[in-house]
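Peer 1: okay, here's the prediction I keep looking at, along with the sequence it came from:
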Amino acid sequence: MSIRAVVWDVDDTLFDYTSADRAGMRAHLAAEGLLEVFGTAEQALACWREATELHWARFSAGEATFEGQRRDRVRTFLGAELSDAEADDWFLRYVGHYESAWSLFPDAVPALDALAAGYRHAVLSNSSLTVQDRKLRVLGVHGRFETILCAAELGVSKPEAAAFHAACAALRLAPHEVAYVGDHPDIDGRGAAEAGLLSVWIDRDGARTGGDGPQGPRRISTLAELPAVLGGDTRFGARSTFR
């Protein structure tokens, strides 16, 4: 049976999260007078990413709330015992700088345009609806998706099959009728494939695994390749040779 819908990851798939996070954190640390504490901006950013990964894993495992993991990211990064209010205030000041750097990848809107007529569209993100709903509105693409599902509200996160199946259920489609597009080789790529969806892994930098990547996902380097993988005749290219 052919693919009838595309479910999208957001951060580092449609939205250039890594660049926005880097620019936002650099500006925030400069404003807070903290750049010299970490030696260089890159060292500070590496520490921030480590704190983010640590506490996001706790949230994904059900060991912390969405708000709690944000506060603990700040406490770990600063190495300080902060009250909830102090951690929230620090994070909100960072968010102001981060949001000023928001942008979609250049290939995002052209791909959505090319696929608009032939496929239904939805979002499945390991974030919260509050965050992603607003982000997609600010970026001007919210109306392109029938439904937006996020881990914080679902109570289950990728790569668990239940997260992908929840997206399929929201679309009233079977997993084999749905494609999932995401940037992480395991959380998105392997997770979607093992859940029975057509998994498309966008590997923009080509160097995340140093090899061929996980088995199962179709690997692309730009969203311009996606219509061909889905089997569509579009302005981006001919019908897929993968199927």
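Peer 2: Sure thing, it's come through. Numbering: from 1, shown residues only.

Peer 1: show me where the chain has strands.
Peer 2: 5-8, 120-125, 147-150, 178-182, 198-202, 218-220 (DSSP state E).

Peer 1: what's the closest of those to residue 230?
Peer 2: Nearest to residue 230 among the strands of the chain is strand 178-182 (6.0 Å), distances taken as CB to CB. The C-beta positions use only the backbone N, C-alpha and C, and glycine is treated the same way.

Peer 1: the closest one to strand 120-125, inter-axis angle?
Peer 2: 50 degrees (axes from the mean of the first three to the mean of the last three CA atoms, to 10 degrees).

Peer 1: tell me the pLDDT at the residue lying farthest from the centre of the chain?
Peer 2: Note on the chain: the largest C-alpha distance from the chain mean falls to residue 36, namely 30.3 Å (CA atoms, centre = their mean). pLDDT recorded at residue 36 is 83.

Peer 1: distance check, it against residue 22.
Peer 2: 18 Å (CB to CB, to the nearest Å).

Peer 1: ok, residue 95 next?
Peer 2: Using CB to CB, residue 95 is found at 14 Å from residue 22.

Peer 1: thought residue 74 was touching residue 84?
Peer 2: No - Residue 74 lies out of contact with residue 84 (CB atoms under 8 Å); the separation is 10.2 Å.

Peer 1: who's more crowded, these two?
Peer 2: residue 74 (20 against 11; other CB atoms under 10 Å).

Peer 1: how about the more buried one: what's its closest non-neighbour residue?
Peer 2: Nearest residue to residue 74, sequence neighbours excluded (CB to CB, 6 or more residues apart in numbering): residue 87, at 4.4 Å.

Peer 1: show me how the protein divides into domains.
Peer 2: 5-16+103-230, 17-99 (automatic domain parsing).

Peer 1: circling back: what residues are up against the residue farthest from the centre of the chain?
Peer 2: For residue 36, the contact set (CB atoms under 8 Å, 6 or more residues apart in numbering) is empty.

Peer 1: stretch 119-137: end-to-end distance?
Peer 2: 21 Å (CA to CA, to the nearest Å).

Peer 1: what about the residue nearest to residue 94 when sequence neighbours are not counted, how many neighbours?
Peer 2: Spatial nearest neighbour of residue 94, excluding adjacent residues (CB to CB, 6+ apart): residue 28 at 4.4 Å. Look at residue 28: counted by other CB under 10 Å, it has 21 neighbours.

Peer 1: kindly report the same for residue 23.
Peer 2: 18.

Peer 1: what's the nearest residue to it if we skip its chain neighbours?
Peer 2: Residue 23's closest residue in space is residue 101 (CB to CB, 6+ apart), at 4.0 Å.

Peer 1: just give the number of residues close to that neighbour.
Peer 2: Neighbour tally, residue 101, other CB under 10 Å: 17.

Peer 1: which residues does it contact?
Peer 2: 19-20, 23-24, 27.

Peer 1: closest to residue 148 among those residues?
Peer 2: For the contacts of residue 101, the nearest to residue 148 is residue 20 (19.0 Å; CB to CB).

Peer 1: and the nearest residue to that closest one once chain neighbours are set aside, how far is that from residue 149?
Peer 2: Leaving aside its sequence neighbours, residue 20 sits nearest to residue 101 (CB to CB, 6+ apart; 4.1 Å). According to CB to CB, residue 101 and residue 149 sit 26 Å apart.
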